[in-house]
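Asker: Based on what follows, work out the 3D shape:
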Amino acid sequence: MSTIELQKLNEVYFKIITEPEILAELHSHLTFAVPGAQFHPKFKAKIWNGKISLIDRRFNTVYCGVIDHLQKFADERGYELVYKNEISIGYSVPPIDEINSFIAKLKLPLKYLPRDYQYNSVVHSLQNNRALIVSPTASGKSLILYIISRFYTQDHLGSPEETDRVLLIVPTLNLVSQMKTDFQEYSQNSKQILEYDKPEPYNVDDNIHLLYSGQDRTVDKPITISTWQTAIKLPKEYFQKFSCVIVDEAHQAKSQSLKHILENCTHAKYRFGTTGTIQDTACHAWVISGLTGPIYQATTTKKLMDDKKLAELKIRCIVLEYPELDREQTKKFDYHQEIEYIISHEKRNRYIRNLALSLKGNTLLLFQFVKKHGCNIYEDIKKQLEKSDCSGARKVFFVAGSTEVEEREQIRTITETEENAIIVASVGVFSTGVNIRNLENIIFASPSKSRIRTLQSIGRVLRIGRSGKATLYDIVDDLHWKKHRNYAVKHFFERIKIYDSEKFHYRVYQIQL
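Answerer: You can find the predicted model right below:
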């Protein structure tokens, strides 16, 4: 029987030792076409074939996280998978009693006691030491991360000279401060706990270091929360201090920067990722799980809605039908020309402004282009409010990449106490991870076909608010001419596929612009 020998080099890579023919077969098996590669400059320059492989043929290495796929590959072809050295991905496997005891000692506030899927995710993670947890947006992933982070920074995991440190990577500045705020809430002991039963207080400031642009890079606390944009600038030696690495919103691990960070964490034997969405492509899923761990489906959006754990969602697709003259004039536009035309269209922006002002409840309006679109809509909404008597009663906020992180956090907090606030925010800043509990409406003001961006954006309104209901207004720009479909309409049909796959309820409304 032919063999495939695996030599563990570190916590990131195995070295593959086998016959050249088998290695070539395995390389082919773990090579995938990258969606949209034809638009990449390297592909156009014919210096890249548009594919990626999980095997680095320079060193014959592969990510440790794909060991299950390697075993399946060997079993299906009758090869024997052997280990040249100590191969165990998992180190200690804590029994369920120890995990239950640990969670009990955290003395979580009653409103944050883990739901069944959160508890199961924690147990699965701690007993496997690696996992990619797929759980819908607004399902409480930060609580899962809190429990995991606390567990791996306990004294019992190592000697005093071998302090375990956790590196928690998040995609945006918003989530750095928000994650700390969430951890602070989880560490506040419930008032219903008896005096003699209170645990020692957990001081977040003493245990968590925030790392982003302009902050001290010294790691002297058990947990470091960092944006990947900051972490990518650090030397490789920096990452050797961490025995546990966690990536929140791990679907972004396809970026070369985030891959680079995870590859540098060669001593991180505990590796986890969390995401609400994952692309339906093998290369995307295998790269992420290779760097973190096997995929674990915690729960689904539909189940949480059925169980009343998420807001009841209605989607109203507003199809703006442009005049025939507009359609004919734009029929030969390329994608960028069409977007420029749409976001600068006076009647369209007026409709979106009036829609936002007409809605009851807190409303999030998402745009893509700051100066060309978002700023104009924001100023227009402000002017309309100033003309009315209720200008002082209704608040409107603007959030973009230039907004300071402290101000973003203040806006998020203020909105939770408001009833009719409007947040005009860029997709890049507010579509991912931001937790606002009392949003009731969301407006898609910029067309998109991205599954991840669409589902992440929808997630902003799924958290249970005052009414327990949420509405998405999906703006569709119909500029089709005869049999020619414009880009915005094509993107809309892609979003419909997403709504159907997630079993969301939607209705289509046609509006003459």
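
Asker: in the protein, which ranges drop under the pLDDT threshold?
Answerer: When the per-residue scores of the chain are filtered using pLDDT under 70, the ranges that remain are 86-92, 155-163, 189-200, 214-215, 251-255, 278-284, 389-392, 405, 430-436, 464-467.

Asker: Break it down into its domains, please.
Answerer: 3-83, 96-299, 305-512 (automatic domain parsing).

Asker: could you dump those domains to JSON lines with mean neighbour count?
Answerer: Where C-beta positions appear, they are placed from N, C-alpha and C, glycine not excepted. Supplementary listing: these in JSON lines, determined by neighbours: other CB atoms under 10 Å:
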{"stretch": "domain 3-83", "mean neighbour count": "15"}
{"stretch": "domain 96-299", "mean neighbour count": "18"}
{"stretch": "domain 305-512", "mean neighbour count": "18"}
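
Asker: What distance do you get for the residue of the chain positioned farthest from its centre to Tyr79?
Answerer: Centroid-distance maximum for the chain: Met1 at 43.5 Å, with CA atoms, centre = their mean. When CB to CB, to the nearest Å is applied, the distance between Met1 and Tyr79 equals 7 Å.

Asker: How about Thr218?
Answerer: As for Thr218, its distance to Tyr79 is 48 Å (criterion: CB to CB).

Asker: one step back: so the residue farthest from the centre of the chain versus Val66, what's the distance?
Answerer: Separation of Met1 from Val66 (CB to CB): 22 Å.

Asker: likewise Asn120?
Answerer: The span separating Asn120 from Val66 equals 23 Å under the rule CB to CB.

Asker: which ones are touching the residue farthest from the centre of the chain?
Answerer: If a contact means CB atoms under 8 Å, 6 or more residues apart in numbering, then Met1 has 78-80 as its contacts.

Asker: how about the helices in the stretch 1-150 of the chain?
Answerer: Taking DSSP state H, counting those that start in this stretch to define them, one finds helices in the stretch 1-150 of the chain at 20-29, 41-44, 67-77, 96-106, 116-128, 141-151.

Asker: Work out for me the element Ser289 sits within.
Answerer: Using DSSP states H and E, Ser289 sits within helix 282-291.

Asker: relative to helix 67-77, how tilted is that helix?
Answerer: Using axes from the mean of the first three to the mean of the last three CA atoms, to 10 degrees, the inter-axis angle of helix 282-291 relative to helix 67-77 is 120 degrees.

Asker: Show me the contact partners of the helix or strand following helix 282-291.
Answerer: From helix 282-291 onward toward the C-terminus, using DSSP H and E, the following helix or strand is strand 295-297. Counting by CB under 8 Å, 6+ apart, strand 295-297 makes contact with 121, 124-125, 131-135, 278, 285, 289, all of which sit outside it.

Asker: just curious, which of the residues you listed is nearest to Leu9?
Answerer: Checking the contacts of strand 295-297 against Leu9 by CB to CB gives Ser289 as the nearest, at 18.7 Å.

Asker: Tell me who's in contact with the closest one.
Answerer: Applying CB under 8 Å, 6+ apart, the residues near Ser289 are 65-66, 132, 273, 295.

Asker: again with Phe183
Answerer: Phe183 makes contact with 142, 146, 149, 204, 208 under the criterion CB under 8 Å, 6+ apart.

Asker: how far away is the third one from Ile246?
Answerer: By that I understand Ser149. Relative to Ile246, and taking CB to CB, Ser149 is found at 7 Å.

Asker: Pull up the overlap in contacts between those two.
Answerer: Common neighbours of Ser149 and Ile246, counting by CB under 8 Å, 6+ apart, are 166, 168.

Asker: Point out the ones among the contacts of Ser289 that are inside strands.
Answerer: Filtering the contacts of Ser289 for membership in strands, criterion DSSP state E, returns 132, 273, 295.

Asker: just those residues now: which is nearest Ser457?
Answerer: Within the ones in strands among the contacts of Ser289, the smallest distance to Ser457 is 20.3 Å, found for Gly273 (CB to CB).

Asker: does that closest one have beta-bridge partners, and which?
Answerer: Partner residues in beta bridges with Gly273, using DSSP bridges, are Leu132, Val247.

Asker: Not counting sequence-adjacent ones, nearest residue to the spatially most central residue of the chain?
Answerer: In the chain, the C-alpha closest to the average C-alpha coordinate belongs to Glu249, at a distance of 2.6 Å (CA atoms, centre = their mean). Leaving aside its sequence neighbours, Glu249 sits nearest to Pro171 (CB to CB, 6 or more residues apart in numbering; 4.9 Å).

Asker: isn't the one you found right up against Ser257?
Answerer: No. Distance between Pro171 and Ser257: 10.5 Å, which falls outside the contact criterion (CB atoms under 8 Å).

Asker: so what sits against both of these two?
Answerer: Counting by CB under 8 Å, 6+ apart, the contacts common to Pro171 and Ser257 are Trp228.

Asker: Just to be sure, His491 is in a strand?
Answerer: No. The assignment for His491, made by DSSP: H, G, I helix; E, B strand; the rest coil, is helix rather than a strand.

Asker: show me what contacts the nearest residue to it once chain neighbours are set aside?
Answerer: Leaving aside its sequence neighbours, His491 sits nearest to Lys449 (CB to CB, 6+ apart; 4.0 Å). Residues near Lys449 by CB under 8 Å, 6+ apart: 490-491, 494-495.

Asker: what does stretch 472-486 contact?
Answerer: By CB under 8 Å, 6+ apart, stretch 472-486 touches 313-322, 326-328, 330-331, 333, 338, 341-342, 348, 352, 355, 441-445, 447, 458, 461, 488-489, 492, 495, 506.

Asker: Which ones among those map onto helices?
Answerer: Judged by DSSP state H, the subset of the contacts of stretch 472-486 located in helices is 326-328, 330, 338, 341-342, 348, 352, 355, 458, 488-489, 492, 495.

Asker: Return the closest of those residues with respect to Lys105.
Answerer: Using CB to CB, Ile458 comes nearest to Lys105 of the ones in helices among the contacts of stretch 472-486, at 36.3 Å.

Asker: Not counting its neighbours along the chain, what's nearest the closest one?
Answerer: Residue nearest to Ile458 in three dimensions, not counting chain neighbours: Leu472, with 6.1 Å by CB to CB, 6+ apart.

Asker: give me the beta-bridge partners of the one you found?
Answerer: Beta-bridge pairing of Leu472, defined through DSSP bridges, involves Ile315, Ile442.

Asker: Could I get the full set of helices for the stretch 151-300 of the chain?
Answerer: So, for the stretch 151-300 of the chain - with DSSP H, counting those that start in this stretch - the helices run 173-186, 204-207, 228-231, 256-264, 282-291.
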